[in-house]
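[1] build me a model:
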Amino acid sequence: MRESRKILSAASQATGRFPKVLFSLGREDDLDRDAVKRLVASLARLLEPGEALASTAAGDLEFVSSVPFGGTYVLDHLWRRLKIDRIVGQVGQPKRGRRRDMSVTERVLYSLEQQRLEKRLSGALTPVRAGQAPDS
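    This is a model prediction of the structure:
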């Protein structure tokens, strides 16, 4: 008969002789590896980026830094990918006469849209406490 090991997650406690079992993942030969990956990813979200990387990466990697990009960065790249900056530049040109520099106008329109979007998202991303109705 082949021996089967159980996979347990345990934590040591100063007061007890034995570690406290937090949860059992089942037998090693019947382990759902995708479920374990989801669990690790879920727990890693509770840590700072450097701590999460250090706890899940190989020992030869070193966390240097992280920069939060946020909505402004995403919107700017979406704005350029949809070529809205070029469209605004073409629409503002006169049929005859001297060409205008529409880059300032385009950036003003982008800023107005970015502020409108951030104001709208700030309400959507505000955490709601249990039993409290979300704002509409």
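
[2] buried sites along the longest helix seen in the chain?
    Determined from DSSP state H, the single longest helix within the chain is helix 103-124. By neighbour count with 16 or more other C-beta atoms under 10 Å, helix 103-124 contains the buried residues 106, 109, 110, 114. In this view, the C-beta of every residue, glycine as well, is placed from N, C-alpha and C.

[3] try stretch 50-59
    Using 16+ other C-beta under 10 Å as the test for burial, stretch 50-59 gives 52, 53.

[4] ok, which stretches of this structure are helices?
    Under DSSP H, the chain gives helices at 33-44, 49-56, 70-81, 84-91, 103-124.

[5] what separation do you get for the nearest residue to residue 47 once chain neighbours are set aside and residue 32?
    Nearest in space to residue 47, with sequence neighbours left out and distances taken as C-beta to C-beta, 6 or more residues apart in numbering, is residue 55 at 6.9 Å. Plainly put, residue 55 is 21 Å away from residue 32 if you go by C-beta to C-beta, to the nearest Å.

[6] got it, and residue 94?
    65 Å.

[7] list the residues that contact the closest residue to residue 92 other than its chain neighbours.
    In this structure, residue 92 finds its nearest non-sequential neighbour in residue 102, 4.3 Å apart by C-beta to C-beta, 6+ apart. Shown in contact with residue 102 (C-beta atoms under 8 Å, 6 or more residues apart in numbering): 88, 89, 92, 93.
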